[in-house]
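A.B. asks: sequence plus predicted model, see below.
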Amino acid sequence: MDSRLSKRRQDDCERRLVSGELDGIVCVDMFGEGYDFPKLKVAALHAPHRSLVPTIQFIGRFARIDPTTGRATLIAPTSRIQNATSALLREGIDLARLIDEAALGELAGDAAEQAILERLPVRRVAESDYDAVSPLALQLYAHVRLFRCARPPDFSLFGETVGKELRVMKQWASDDGTVALLLTADENPPNWATSDVLVNIRHDAFLFVYLPASRLCYIGSTRRTEKLYLGMMDKVCAESYRALSYEETSRARAGLQAVKFFNVGLKNTTFNSQSETYRTLTGPQAERAVTAGDGRAYVQGHFFGSGFDGEEKETIGASSSSRIWSNQRLTVAEFLDWVERLDRRLAGTSPFAETHLDIVRAASTLRRLPDVVIAATWAKAGFKANPRVRCRPAPGAPLVFRRLTDWEMQDFECRPEASQLHFSLVSEELKVRMCFSIGHGRMVTSVQPDVVVEVESATDDWMPLADWLSDHPPRFYAADKSSFEGMNLMAAPMLQVESLSDGDAEVIDWSNCDIEVEFLPNSGSADTHRRRAALAGRLTVQERLEQHLLGLQNVVSLFYDHRTGEAADYVAVTRSDEGEIEVALYHCKGAGGPAGGRRVGDVYEVAGQLVKSVFYCDAATLLSHMEDRMHPRHASPSRFVRGDIEATKALIQGTPATRLRFTVVGVQPGIRRPLVDAHLADLMAFGISYARQGGAARAYWLISD
């Protein structure tokens, strides 16, 4: 008997064994606790158990004296018996006492099993085939997804299915409603079958535990997907739950001593395509590989290690995605005990043992949204996969397909008192309002649910983009230089800049330019003609910038990319006399009024663009983006003002990395250098510092004199 046999074959073997049809059986941990074999009287123990107690329990399964079958016989290798006996005698163990303790332990185990059966009575059985299934037959890996609930979840609200396709075959629940156990079945044809004649059946178990004192809901499951977790919480605690931050989950190691880490994750605080967005360190003491430099560039993302709770050693892990785990497989009773122990740590005040990992700061809990958000970037998974997005601009209109990076997040409206941040998802065809919230169910919801915007998912064919964003929260950047991702808040840099340094800003002549008009669309519409006439021969900001760039020496190519999803408004490639290549990304914005030095609104959006553009400070990423943006599927494809894509690709790809550099430039003619105060200088310097840290060799602002 082994686990590779089908359930039907296992049941048949057990039936034949009980009936006496079989004379013997060879099994590997298939018949353990709860099984007696009174008709079997000869046992061959081929491999020793890890301790004496399970060996004694095993012998007890068949050693009961029966008048019909007689006394039992144990067969085992002589050397192992002699070695085990001598070891026991050397240690001075009282065998009689040990046997008594083993017997008491078995009785206690039986009592614990009975307690679980009484605590979790059956509430529903879908089919009679599952009548015999008991919570005692289930084991779960020690892993939980956690949620903080504003009100107690109602586990009785689970219906006949979980998610789209998981049928609830059996359900157990405690009388007080704090614990529920579901057994589900997923019945689907194999992906290689052309019909549903063949069906694969996968069973999964979901254990829910709610502890009223901490208001935490723990979900243990054999199928761990974010979509399932959120869907289940929507069902039992709609709009009244939130995920935990890393600051909260990391308390899973609070109070442990002699902590060592085997696996450590560090999250880069600067998003770009060159350096590691997420760095993983492994080893017997992985934290020793952390350096002071890591402390400046990263925050803690996850850990897995071991420590001592008194004299008991345990493994523990926690992550910024609201998960806690341990390297063990537990019965339902053991799982409930483990969760209660975790809950005491998370809700308690025990301190952390100091470790080398403390060099890297940990994100704190996002308890209040900032007053002003200036930018947002997609999660790394979004840039990496760049999935297709489909939208229906108007009822009855055909679906329009784009890539995720063709969309932008704009128009941020913070409502801190309501714990909400409203923003727009913008593409060439559509603008739809979304809401990010903390403490109110899913983090991202659509304010316009009647508008269809869906993303192609790895787990489903298509899913609402708002749901995908809840699974992969964007990173938002605040005007106070902090940022947040989900419930995790990355604090602003401690260093404050009082004034701009040399090289942080350059000036050009903006005369004969209306600095309040960024651009005019090339549409030929009556409105465009009216606005052009109002300029009275003056240039827009983009036209003046283009004129300036074309007048620079050694400009090989100039790429115009202004629209949603842009890498920059202009990308200029220059070649110096020494053969060095500079790729400069220019982001510009019209001024909010006459040139001055104290309008932070003139800086916010451009600073946000500098933050986002560092992702494109990579040759392969930028070239791929430029090719895609020129595709005729776009209503207004990007274009080259000078040069072409083939020559640009050949130049950049043929240049050694040591002679290729990226520059990021913020263009705001509404700022006058002499009038820049300390607050504005600090915000401008933040954009410069972020771009440099993200991979740009140089970053500066192009402003007025």
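C.D. replies: On my side now, so go ahead.

A.B. asks: and residue 696, how many neighbours?
C.D. replies: Residue 696: 26 surrounding residues under other CB atoms under 10 Å. No exception for glycine: its C-beta is placed from N, CA and C like everyone else's.

A.B. asks: ugh, wrong one, I meant residue 497
C.D. replies: Residue 497: 19 neighbours (other CB under 10 Å).

A.B. asks: how about the strands in the stretch 151-300 of the chain?
C.D. replies: Remark: strands assigned in the stretch 151-300 of the chain by DSSP state E, counting those that start in this stretch are 161-162, 166-173, 179-188, 200-211, 216-221, 241-243, 257-268, 278-282, 298-309.

A.B. asks: run the chain-centre distance for the shortest one.
C.D. replies: Strand 161-162 has its C-alpha centroid displaced from the chain centroid by 24 Å (CA atoms, centre = their mean, to the nearest Å).

A.B. asks: domain boundaries for this structure, per the record?
C.D. replies: 32-118, 122-243, 248-365, 373-490, 505-704 (automatic domain parsing).

A.B. asks: and these as a markdown table, adding mean pLDDT?
C.D. replies: Formatted as a markdown table, the domains of the chain follow (pLDDT from 0 to 100):
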| stretch | mean pLDDT |
| --- | --- |
| domain 32-118 | 66 |
| domain 122-243 | 92 |
| domain 248-365 | 90 |
| domain 373-490 | 90 |
| domain 505-704 | 91 |
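
A.B. asks: wait, which of the ones you listed is closest to residue 9?
C.D. replies: Residue 9 sits nearest to domain 122-243 of all these, at 15.1 Å, using CB to CB.

A.B. asks: so how far is the closest one off the chain centroid?
C.D. replies: On CA atoms, centre = their mean, the centre of domain 122-243 falls 21 Å from that of its chain.

A.B. asks: okay, how far is it across it, tip to tip?
C.D. replies: This stretch, domain 122-243, spans 30 Å end to end (CA to CA, to the nearest Å).

A.B. asks: would you list every one of the strands in the stretch 301-450 of the chain?
C.D. replies: Under DSSP E, counting those that start in this stretch, the stretch 301-450 of the chain gives strands at 312-319, 323-331, 364-365, 373-377, 388-391, 400-403, 408-415, 420-426, 431-437, 444-446.

A.B. asks: name the helices or strands packed onto the shortest one?
C.D. replies: Which is strand 364-365. helix 246-249, strand 488-490 (3 or more CB pairs under 8 Å, 6 or more residues apart in numbering; DSSP states H and E).

A.B. asks: so which of the ones you listed comes closest to residue 432?
C.D. replies: Judging the helices and strands packed on strand 364-365 by CB to CB, what sits closest to residue 432 is strand 488-490, at 25.7 Å.

A.B. asks: buried residues in whichever helix or strand comes after that closest one?
C.D. replies: Remark: after strand 488-490, the chain's next helix or strand is strand 505-507, criterion DSSP states H and E. For strand 505-507, a neighbour-count test (16 or more other CB atoms under 10 Å) marks residue 505 as buried.

A.B. asks: all strands for the stretch 501-650 of the chain, in order.
C.D. replies: Here the stretch 501-650 of the chain has its strands, by DSSP E, counting those that start in this stretch, at 505-507, 555-560, 570-575, 581-588, 639-642.

A.B. asks: I'd like the ones you listed as a markdown table, with distance to residue 478 appended.
C.D. replies: Shown next, in a markdown table, are those (distance: least, CB to CB, whole Å):
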| stretch | distance to residue 478 |
| --- | --- |
| strand 505-507 | 23 |
| strand 555-560 | 31 |
| strand 570-575 | 27 |
| strand 581-588 | 19 |
| strand 639-642 | 35 |
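
A.B. asks: follow-up on the earlier one: dump the helices and strands packed on strand 364-365 to TSV, plus distance to residue 538 and mean neighbour count.
C.D. replies: TSV is the format used below for the helices and strands packed on strand 364-365 (distance: least, CB to CB, whole Å; neighbours: other CB atoms under 10 Å):
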stretch	distance to residue 538	mean neighbour count
helix 246-249	52	23
strand 488-490	42	24
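
A.B. asks: will you turn the ones you listed into CSV that also has distance to residue 466?
C.D. replies: Shown next, in CSV, are the helices and strands packed on strand 364-365 (distance: least, CB to CB, whole Å):
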stretch, distance to residue 466
helix 246-249, 24
strand 488-490, 20
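
A.B. asks: out of those, which comes closest to residue 285?
C.D. replies: Nearest to residue 285 among those is helix 246-249; the distance by CB to CB comes to 21.1 Å.

A.B. asks: most neighbours per residue, which of the strands of the stretch 301-450 of the chain?
C.D. replies: Most buried of the strands of the stretch 301-450 of the chain, by mean neighbour count (mean count of other CB atoms under 10 Å): strand 373-377, with a mean of 24.

A.B. asks: CA atoms of it as CSV?
C.D. replies: Extracted in CSV, the C-alpha atoms of strand 373-377 (Å, rounded to 0.1, in the frame of the first residue of the first chain):
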residue,chain,number,x,y,z
VAL,A,373,-0.2,61.3,-4.6
ILE,A,374,1.9,62.3,-7.7
ALA,A,375,2.5,59.0,-9.6
ALA,A,376,1.9,55.3,-9.7
THR,A,377,3.6,52.4,-11.4
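
A.B. asks: can you state the direction angle for that strand and strand 431-437?
C.D. replies: Angle, strand 373-377 to strand 431-437, by axes from the mean of the first three to the mean of the last three CA atoms, to 10 degrees: 100 degrees.

A.B. asks: what is strand 373-377 packed up against?
C.D. replies: Secondary-structure packing of strand 373-377 (3+ CB pairs under 8 Å, 6+ apart): strand 408-415, strand 420-426, strand 475-478, helix 601-613.

A.B. asks: run the chain-centre distance for that strand.
C.D. replies: The answer for strand 373-377 is 19 Å, by CA atoms, centre = their mean.

A.B. asks: next: stretch 688-699.
C.D. replies: On CA atoms, centre = their mean, the centre of stretch 688-699 falls 26 Å from that of its chain.

A.B. asks: residue 200 and residue 191 touch, don't they?
C.D. replies: No - between residue 200 and residue 191 there is no contact under CB atoms under 8 Å: 9.2 Å.

A.B. asks: so for these two, which residue has more residues nearby?
C.D. replies: Remark: of residue 200 and residue 191, residue 200 carries more neighbours, 11 against 6, as counted by other CB under 10 Å.

A.B. asks: what sits against the more buried one?
C.D. replies: 186, 187, 188, 189, 190 (CB atoms under 8 Å, 6 or more residues apart in numbering).

A.B. asks: looking at the residues you listed, which has the most residues close by?
C.D. replies: Neighbour counts for the contacts of residue 200, by other CB under 10 Å, peak at residue 186, which reaches 17 neighbours.

A.B. asks: apart from its neighbours in sequence, what residue is nearest it?
C.D. replies: Spatial nearest neighbour of residue 186, excluding adjacent residues (CB to CB, 6 or more residues apart in numbering): residue 202 at 4.5 Å.

A.B. asks: so the one you found sits right up against residue 190, yeah?
C.D. replies: No - the criterion here is CB under 8 Å, and residue 202 misses it with residue 190 at 11.5 Å.

A.B. asks: list the residues that contact both of those two?
C.D. replies: By CB under 8 Å, 6+ apart, residue 202 and residue 190 have no common neighbours.

A.B. asks: can you tell me how far residue 586 sits from residue 517?
C.D. replies: Taking CB to CB, to the nearest Å as the criterion, residue 586 is separated from residue 517 by 17 Å.

A.B. asks: of all the strands of the stretch 151-300 of the chain, which one is nearest residue 526?
C.D. replies: strand 257-268 (48.8 Å).

A.B. asks: which helices and strands does the closest one pack with?
C.D. replies: strand 278-282, strand 298-309.

A.B. asks: switch those over to CSV; also include mean neighbour count and distance to residue 391.
C.D. replies: Converted to CSV, the helices and strands packed on strand 257-268 look like this (neighbours: other CB atoms under 10 Å; distance: least, CB to CB, whole Å):
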stretch, mean neighbour count, distance to residue 391
strand 278-282, 14, 30
strand 298-309, 21, 33
